[in-house]
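In: give me a 3D structure for the following:
(chains A, B, C, D, E and F)
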4 protein chains.
Amino acid sequence: MARGPAARRKSPAQGSGRDRGARRKPAHEADKRQSILDAALDEFAARGFADTRLDDVARRAGVAKGTIYLYFRDKENLFQDLVRTRLSPLIGTIEAAAVRELPIRALAELIITTFIEEIYGTRRKDVIRLIISEGTRFPELAQFYYREVIGRVLPVLRQRLRVAVERGELGKDALARFPQLLVAPALMAILWNGLFGRFEPLDVGALMRAHLELLFDDRGTS
Amino acid sequence: MARGPAARRKSPAQGSGRDRGARRKPAHEADKRQSILDAALDEFAARGFADTRLDDVARRAGVAKGTIYLYFRDKENLFQDLVRTRLSPLIGTIEAAAVRELPIRALAELIITTFIEEIYGTRRKDVIRLIISEGTRFPELAQFYYREVIGRVLPVLRQRLRVAVERGELGKDALARFPQLLVAPALMAILWNGLFGRFEPLDVGALMRAHLELLFDDRGTS
Amino acid sequence: MARGPAARRKSPAQGSGRDRGARRKPAHEADKRQSILDAALDEFAARGFADTRLDDVARRAGVAKGTIYLYFRDKENLFQDLVRTRLSPLIGTIEAAAVRELPIRALAELIITTFIEEIYGTRRKDVIRLIISEGTRFPELAQFYYREVIGRVLPVLRQRLRVAVERGELGKDALARFPQLLVAPALMAILWNGLFGRFEPLDVGALMRAHLELLFDDRGTS
Amino acid sequence: MARGPAARRKSPAQGSGRDRGARRKPAHEADKRQSILDAALDEFAARGFADTRLDDVARRAGVAKGTIYLYFRDKENLFQDLVRTRLSPLIGTIEAAAVRELPIRALAELIITTFIEEIYGTRRKDVIRLIISEGTRFPELAQFYYREVIGRVLPVLRQRLRVAVERGELGKDALARFPQLLVAPALMAILWNGLFGRFEPLDVGALMRAHLELLFDDRGTS
DNA sequence: TATGAATGAGGATTCATTCAT
DNA sequence: GATGAATGAATCCTCATTCAT
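Out: Here you go, the predicted structure:
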């Protein structure tokens, strides 16, 4: 990755672990940290990691360029912290949804509603997009996401689906074997509207309702 | 205005897609062009557009750095040509599949099989990934993809699905309203295996079969 | 369009003279700007625009390569600012000389003296040489010079010469019609000594005195 | 000078002297050589040495790029040969003019007429401009010009002027001491029209007549 | 803490020159 | 001789990172 001096110096400096300690700040400083993160999300979402200039992040955050380095080790650390920070609160929410004792269809609806409200309707949609776009180049981040988000939600969901199959709530085990199928359209919606929204916007709510219809309503084919 | 490097660099933006065909090359040179494209796909897929060094592309292609510029105006043009070149042959194939006179379920299976064989099983999977990753930053490319690929396949598919609904082949019109639902899992599979494949590989064939089951088999829920 | 280096390099041409004043610098930074300009003059004068390396300018100025870009948009802008900066203070001086109420011959002598002291005896001689050498390739610069220097001095001078003709101070109107004739030898001196000075230096003072003799003394021929 | 590989390899290869022998060609090849020189003059005059691309010269000459190297060692050699070739025939002409037995004023007029017809009215004007623009960077060329052109004409002219002074043909010796004064306006005319011609063209004929008036007519001042 | 001027490594691009055909 | 595809050195410019204030 052509990340300039940073990239080269990063490996040697790796073990320093200094930035974790940088985190705990008095309230007003936490604000500054937050405004940097907000600005960073705007810029990263608009241009991707490589094409984002810290200069622009600083300007948008209303701080000097050097200030960013008081809160984050380097550009990459800023990016990763951004993703982690934005995703963490989500985890609890989804997890909570998944474990609620609900009929399986109601659970699916809840998950989808939660997705639409908590991700699609917020800046987190951009975070997801960033993970998809940049994940290949940030294996640590993909791993984090896999471990912290997917790894927590998917097993619970899969388990609930399996039980549903056993209980006869679900006519087949396809969804239990591939719970990803539940959210694939949601993912597609994020990507579609990011890429083609200006040509043909996709109504996510309607899309997801149609999806639920196919999954749960009476029958797929005559 | 001088014509020194600085000055020259100011104009070359103009005609973006003009250079194809500008140089008709003998056959063996087409090979060289192809080996550059192949190398470029490797590098772009591994690092993304911004982080790919033309130096590396050249080395991988076994040519000198300057040679790339005999075949492509600049890095961006190389990238776009790569995507277009790789996608174009696909269009016919998918279009052909879509118009075949088949029962709707067979058609869906054909489309999915085609996808698995022609995209997922080939380097084109990387091209799709590149469009997803870089599409935001290359609006022209997103537009090209929308116009040339999606715009040709989706309407045909939607039409076939509508007819199927009218004929009672499909029990509901959800899929006809959102044909994207048919391929959403395929897309997810590409992304999943790119990001999380090393932790938990996703069996695309099985995934898509499960998907078809849900869409077409007897019933989704009891 | 990505914002990678390639893409970014396409636009920066726009506002050519916009950046002066865009960054107000403290006094000591003006010094740095000045030292870059000084170094640039040395290098441009020695090698011409195209063959000057900003690396060399930086080294000579005692700054890093990137520092130049804090003060000037690009190489071309540095060149043009150099010329403008060096020439501007001259304008007032020459203009002032031209409007003084003096007998015409005294005025001619004043102009020539001013030229020798303010141009020939200074680095401005190199600026003039640069305009001559590079003017064809920098039409804006030629225009600037025509408008700001020539356009201000020539009309005033021509007017004074016309009045002198009317008053009988001058025996013929040749000089009034072509005031350029007054300074042509000065120009030649600059070029001569630049090109042939090492073979046969030209004594500018003597040359210009001889010139004045021919223009103003009793008669040219018997 | 940033001349690419050529410049570096030039010094070691210096002693080869191979290109002098390349010159004598059968007639049709001399044509090719000539067409390259013609094209080179066009390009060098329009862009200067550094900004001229041999690609463009070749295209304009209707030959392949490599062909240039059959007739000229390198770009610099092409440039120098161009100047020498174009200037040589001039030398005889001016020399001839200078030695004619004529009254001094008639001689001056002849020289000026010759200049206007043989230089100003021809492509040689561009050669002169090139010497002025690039001379600093091609000391050999300046030397060639000084030796072959100036060195042949100036002494003869100076001698004739001295005799004229002695004979009382000239009222003062200013011109004899600085014969350059005779042609300074001619030089200025070339430069002026190259730089400012589009704003305010200078009528060279009228300029030179005015110049002669000042030099030779009755008196300069009352 | 905060700043932002300064740094300089990195990479895209150009083009003189070579050489296999 | 003639060609023009290939080469790769050279240089502009960017921007992450540092550090004196």
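
In: with adjacent residues omitted, what lies nearest to the residue in chain A positioned nearest to chain B?
Out: Relative to chain B, the nearest point of chain A is A:Ala50 (3.3 Å; Cβ to the nearest Cβ). Where C-beta positions appear, they are placed from N, C-alpha and C, glycine not excepted. Spatially, and ignoring its direct neighbours in sequence, A:Ala50 is nearest to B:Ala50 (3.3 Å; Cβ to Cβ, 6 or more residues apart in numbering or on different chains).

In: for that neighbour, grab phi and psi.
Out: phi -60, psi -30 (degrees, to the nearest 10).

In: how far away is it from DNA strand F?
Out: 9 Å (Cβ to the nearest atom of the strand, to the nearest Å).

In: check A:Leu130 too.
Out: Distance of A:Leu130 to DNA strand F, given as Cβ to the nearest atom of the strand: 15 Å.

In: quick check, the residue of chain A closest to chain B in contact with B:Ser133.
Out: No. A:Ala50 lies out of contact with B:Ser133 (Cβ atoms under 8 Å); the separation is 10.8 Å.

In: find residues that contact each of those two.
Out: B:Gly48 (Cβ atoms under 8 Å, 6 or more residues apart in numbering or on different chains).

In: out of everything not next to it in sequence, what's closest to the residue positioned nearest the centre of chain A?
Out: By Cα atoms, centre = their mean, chain A has its centre lying nearest to A:Ile128, at 3.6 Å. Leaving out its chain neighbours, the residue that sits closest to A:Ile128 by Cβ to Cβ, 6+ apart is A:Ile190, at 5.8 Å.

In: quick one: contacts for the one you found?
Out: Applying Cβ under 8 Å, 6+ apart to A:Ile190 gives the contacts A:Ile119, A:Tyr120, A:Lys125, A:Ile128, A:Arg129.

In: same thing with A:Ala186?
Out: Contact analysis of A:Ala186 by Cβ under 8 Å, 6+ apart lists A:Ile112, A:Phe115, A:Ile116, A:Ile119, A:Tyr120, A:Val204, A:Met208.

In: one more time with 10 Å, if that's ok
Out: The contact partners of A:Ala186, by Cβ atoms under 10 Å, 6 or more residues apart in numbering or on different chains, come to A:111-112, A:115-116, A:119-120, A:125, A:128, A:204, A:207-208, A:211, B:184, B:188.

In: so for it, what's the pLDDT?
Out: For A:Ala186, the pLDDT comes out at 95.

In: so it is in which element?
Out: According to DSSP states H and E, A:Ala186 maps onto helix A:180-196.

In: most proximal residue of chain A with respect to chain C?
Out: A:Asp51 (4.0 Å).

In: do a quick rundown of the helices in chain A.
Out: For chain A, the helices defined by DSSP state H occupy A:5-13, A:18-21, A:27-51, A:54-61, A:65-71, A:75-99, A:104-114, A:124-134, A:139-145, A:151-166, A:174-177, A:180-196, A:204-216.

In: export the ones you listed to TSV and tack on distance to D:Ser35?
Out: Below are those laid out as TSV (distance: least, Cβ to Cβ, whole Å):
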stretch	distance to D:Ser35
helix A:5-13	52
helix A:18-21	67
helix A:27-51	48
helix A:54-61	52
helix A:65-71	57
helix A:75-99	56
helix A:104-114	75
helix A:124-134	55
helix A:139-145	60
helix A:151-166	74
helix A:174-177	76
helix A:180-196	54
helix A:204-216	68
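
In: looking at the ones you listed, which is closest to D:Phe199?
Out: Smallest distance to D:Phe199 across the helices of chain A (Cβ to Cβ): 41.1 Å, for helix A:54-61.

In: touching that closest one from outside, list them.
Out: Applying Cβ under 10 Å, 6+ apart, the contact partners of helix A:54-61 are A:32-44, A:46-47, A:53, A:63-69, A:72, A:74-75, A:78, C:3.

In: distance of the residue nearest to A:Ala50 from B:Phe44?
Out: As judged by Cβ to Cβ, to the nearest Å, B:Ala50 and B:Phe44 stand 10 Å apart.

In: find the residues that touch each one of the two.
Out: With Cβ under 10 Å, 6+ apart as the test, B:Ala50 and B:Phe44 both reach B:Lys75, B:Glu134.

In: can you list the buried residues in stretch A:164-179?
Out: Neighbour-count burial for stretch A:164-179 flags A:Ala164, A:Val165, A:Glu169, A:Leu170, A:Gly171, A:Lys172, A:Ala174, A:Leu175, A:Ala176, A:Arg177, A:Phe178, A:Pro179 (criterion: 16 or more other Cβ atoms under 10 Å in any protein chain shown).

In: list the contacts of the first one.
Out: Right, the one you point to is A:Ala164. Here A:Ala164 is in contact with A:Pro103, A:Ile104, A:Arg105, A:Leu107, A:Ala108, A:Leu170, A:Asp173, A:Leu175, A:Ala176, B:Thr221, B:Ser222 (criterion: Cβ under 10 Å, 6+ apart).

In: surely the first one touches A:Gly168?
Out: The reference is to A:Pro103. No. Between A:Pro103 and A:Gly168 there is no contact under Cβ atoms under 10 Å: 11.9 Å.

In: hmm, back to that, export the contacts of A:Ile190 to CSV and append columns for pLDDT.
Out: As requested, the contacts of A:Ile190 are exported to CSV (pLDDT from 0 to 100):
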residue, pLDDT
A:Ile119, 93
A:Tyr120, 94
A:Lys125, 95
A:Ile128, 95
A:Arg129, 95
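
In: between these, which is nearest DNA strand E?
Out: Set against DNA strand E, the nearest of these by Cβ to the nearest atom of the strand is A:Arg129 (23.8 Å).

In: burial count for that closest one?
Out: The criterion is other Cβ atoms under 10 Å in any protein chain shown. On that basis, A:Arg129 has 22 neighbouring residues.

In: from B:Asp42, how far off is it?
Out: Look at A:Arg129 and B:Asp42: by Cβ to Cβ, they are 24 Å apart.

In: again with A:Ala39
Out: Per Cβ to Cβ, A:Ala39 is found 35 Å from B:Asp42.

In: compare the two (neighbour count), which wins?
Out: A:Ala39 (23 against 17).

In: pLDDT score for the residue in chain A that DNA strand E sits nearest to?
Out: Closest residue of chain A to DNA strand E, Cβ to the nearest atom of the strand: A:Gly66 (1.9 Å). According to the prediction, A:Gly66 has pLDDT 97.

In: contacting residues around it?
Out: A:Leu54, A:Ala58.

In: can you tell which of the helices of chain A is closest to D:Phe216?
Out: helix A:54-61 (67.5 Å).

In: and the closest one, what's its mean pLDDT?
Out: 97.

In: check which residues of that helix are buried.
Out: Buried residues in helix A:54-61, counted by 16+ other Cβ under 10 Å: A:Leu54, A:Asp56, A:Val57, A:Ala58, A:Arg60, A:Ala61.

In: of these, which is the nearest to B:Tyr146?
Out: A:Asp56 (28.3 Å).

In: separation between A:Val83 and B:Phe199?
Out: Distance from A:Val83 to B:Phe199, by Cβ to Cβ: 17 Å.
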